[in-house]
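Participant: for reference, the sequence and a predicted model appear below.
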Amino acid sequence: AAVERVDRGYLDDLIESIEGMELEEEKYTPKSWSEFAEALRKAQEVSADDEATEEGIKAAYDELSMSVVNLKLKADKAALEAAYNLAVRMTESEEYDAESLKYVEELLAEAKAILEDGNAEQTAVDQMGKDLTTAMAKVRLSAALKKVAVSEEMLAASTEESAEAYRAALAEAEELLKAKELTWEEAKAAAENVEAMALSLEQKPEPADPVDPVEPAKPSSSKGGSTSQVSDSDYWTEVIEKINGTEKGGKVNAKLDEGANVPATVIDALKNKGVTVVFEIGGKDYAVNGAGELKGYNAAAVYYTSDEIKAMAGGAPAASGTVNAPAANSNPETGGEVAAAEPAAPEAVVPAAPVAPEVPAVIEPAAPAEAEAPAAQVAPEAESGVPVWAIVVMAIAAAAVIGGAAYAVIRRKYQDS
């Protein structure tokens with residue numbers, strides 16, 4: 001008896017549908033295509049077998065259906081292939097050290113195997129591309145950071161703000177070296193940022209040298225020249241204040257370097273005052289008395305040279321005994337001498353006998369060095385053999401010339417002895 005043919009219409013419909021898709025073998029992985037082709041062949045055999053059982057038909061249907069679902073397109077390996085070729089060139093370059101390229105070389109072997117595997121899936125291809133790119137980007141970034149590295153000494157010499165900006169950029173770049181994935185663009189941007197911060201480092205301003213209280217050093221011209229230094233200006237201002245604050249007959253000490261200048265305002269303040277300024281020039285003292293003749297004085301002058309100051313003092317250093325010896329009436333504020341009365345008559349011009357007072361010009365304070373001789377100088381003369389009557393005669397002569405004030409001074413000197 002004839003066996004009734006089992007219905008296999010659903011299997012035939014599937015076969016017909018697949019054949020209508022016109023699938024192309026070269027687009028799919030060899031393995032998935034092979035499984036699909038085998039399932040399709042079996043399904044076609046079952047469909048043509050009149051004695052095929054229902055179980056056989058269903059099994060053929062299920063197997064064919066799954067093979068279609070499992071068909072895998074060949075992976076697009078273009079990106080991986082490009083990364084692979086770039087990595088090969090990097091390992092062959094002498095720009096990078098061998099130690100940093102070790103991981104890249106390991107990945108190259110894996111990437112090559114994937115490229116040669118026709119059944120490699122797209123996900124595997126894509127992941128290998130990312131891993132290889134990240135490894136190369138880190139090598140490049142590490143090399144770039146070494147090129148723009150800044151020493152701690154240089155950072156210490158830079159301003160705090162610029163040094164911190166560099167450190168922040170460097171820390172950010174170093175974090176990228178630890179990242180799981182890193183693109184070329186990210187590595188390049190980080191390296192450029194660190195380089196920019198390195199180039200932007202600003203050196204700390206050097207501390208200003210302390211200004212020592214040096215002696216005045218004046219401009220070169222006495223008639224007009226450049227402006228003196230601030231410290232010199234302050235010094236000569238103080239000298240002027242001492243001149244103005246010293247009583248008639250007093251003395252003010254000042255120091256002037258050889259070849260240096262004195263502001264004309266100092267001489268202007270001294271002029272017509274009975275004050276003596278003792279300039280120490282080259283280790284020698286030159287006394288300039290404002291009441292005397294100021295040789296070379298010029299109201300339009302701006303500065304006076306050290307040589308012009310010497311000329312005002314008569315060209316010769318003052319005697320050390322008359323300039324530097326301390327007096328009992330010394331002014332502690334100015335260092336000068338403050339006379340209690342008019343300057344005593346120079347003893348060198350006092351005659352042994354009374355003379356007529358026709359020659360008062362001899363008593364001008366043009367020679368203040370002798371006029372300011374301290375009392376200590378008179379006493380030794382009396383003790384060294386000068387008779388008492390001679391002292392009296394000298395006193396009378398002085399009284400005849402300048403009046404009782406000088407007499408009182410001489411008498412006091414004698415009594416003090």
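Facilitator: Cool, the structure landed. Computed from a predicted structure; not experimentally measured.
Participant: can you show me the strands along the stretch 201-350 of the chain?
Facilitator: In order along the chain, the stretch 201-350 of the chain carries the following strands (DSSP state E, counting those that start in this stretch): 251-256, 261-263, 276-281, 284-289, 303-305.
Participant: could you list every helix and strand in contact with the third one?
Facilitator: Taking 3 or more C-beta pairs under 8 Å, 6 or more residues apart in numbering; DSSP states H and E as contact, the helices and strands that strand 276-281 lies on are strand 251-256, strand 284-289, helix 306-312. Backbone N, C-alpha and C define where each C-beta goes, glycine included.
Participant: check what pLDDT Lys102 gets.
Facilitator: Model confidence at Lys102, expressed as pLDDT, equals 92.
Participant: for the helix or strand where it lies, which outside residues touch it?
Facilitator: Under the criterion DSSP states H and E, the helix or strand holding Lys102 is helix 102-116. The set of residues that contact helix 102-116 without belonging to it, under C-beta atoms under 8 Å, 6 or more residues apart in numbering, is 77, 80-81, 83-84, 87-88, 90-91, 120, 124-125, 128-129, 131-132, 135-136, 139.
Participant: list the buried residues of the helix or strand following that helix.
Facilitator: Toward the C-terminal end, the helix or strand that comes next after helix 102-116 (DSSP H and E) is helix 122-147. Of the residues in helix 122-147, those with enough neighbours to count as buried (16 or more other C-beta atoms under 10 Å) are 125, 128-142, 144-145.
Participant: also stretch 103-120?
Facilitator: With burial defined by 16+ other C-beta under 10 Å, the residues of stretch 103-120 counted as buried are Tyr103, Val104, Leu107, Leu108, Ala111, Ile114, Leu115, Ala120.
Participant: just the buried positions in stretch 71-79, please.
Facilitator: For stretch 71-79, burial by neighbour count (16+ other C-beta under 10 Å) applies to Lys72, Lys74, Ala75, Lys77.
Participant: okay, now the unreliable bits of this protein?
Facilitator: 1-4, 208-231, 318-417 (pLDDT under 70).
Participant: can you list the domains in it?
Facilitator: In terms of domains, the chain is parsed into 9-69, 78-199, 230-323, 347-416 (source: automatic domain parsing).
Participant: deepest of the ones you listed, which one?
Facilitator: Mean neighbours per residue, mean count of other C-beta atoms under 10 Å, is largest over the domains of the chain for domain 230-323, with a mean of 19.
Participant: Ile243 contacts Asn253, doesn't it?
Facilitator: No: assessed by C-beta atoms under 8 Å, Ile243 is found out of contact with Asn253, at 11.1 Å.
Participant: are there residues contacting both of these two? Which ones?
Facilitator: Val277.
Participant: picking up where we left off before, mind putting the strands of the stretch 201-350 of the chain in CSV, distance to Trp33 included?
Facilitator: As requested, the strands of the stretch 201-350 of the chain are arranged in CSV below (distance: least, C-beta to C-beta, whole Å):
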stretch, distance to Trp33
strand 251-256, 108
strand 261-263, 106
strand 276-281, 112
strand 284-289, 116
strand 303-305, 107
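Participant: which one of the ones you listed lies nearest to Gly315?
Facilitator: Evaluated with C-beta to C-beta, the strands of the stretch 201-350 of the chain place strand 284-289 nearest to Gly315, the distance being 8.6 Å.
Participant: closest one to Glu153 among the helices and strands packed on strand 276-281?
Facilitator: Closest to Glu153 of these, according to C-beta to C-beta: strand 251-256, at 43.7 Å.
Participant: of the buried residues of stretch 103-120, which is the nearest to Lys42?
Facilitator: The shortest gap between Lys42 and any of the buried residues of stretch 103-120 belongs to Ala120, at 27.4 Å (C-beta to C-beta).
Participant: any idea how far that closest one lies from Glu106?
Facilitator: Taking C-beta to C-beta, to the nearest Å as the criterion, Ala120 is separated from Glu106 by 18 Å.
Participant: just Val194 next, same as before
Facilitator: With distances taken as C-beta to C-beta, Val194 is found 27 Å from Glu106.
Participant: same deal with Arg41?
Facilitator: When C-beta to C-beta is the yardstick, Arg41 and Glu106 sit 43 Å from each other.
Participant: likewise Leu145?
Facilitator: 22 Å.
Participant: with Asn119 instead?
Facilitator: When C-beta to C-beta is applied, the distance between Asn119 and Glu106 equals 23 Å.
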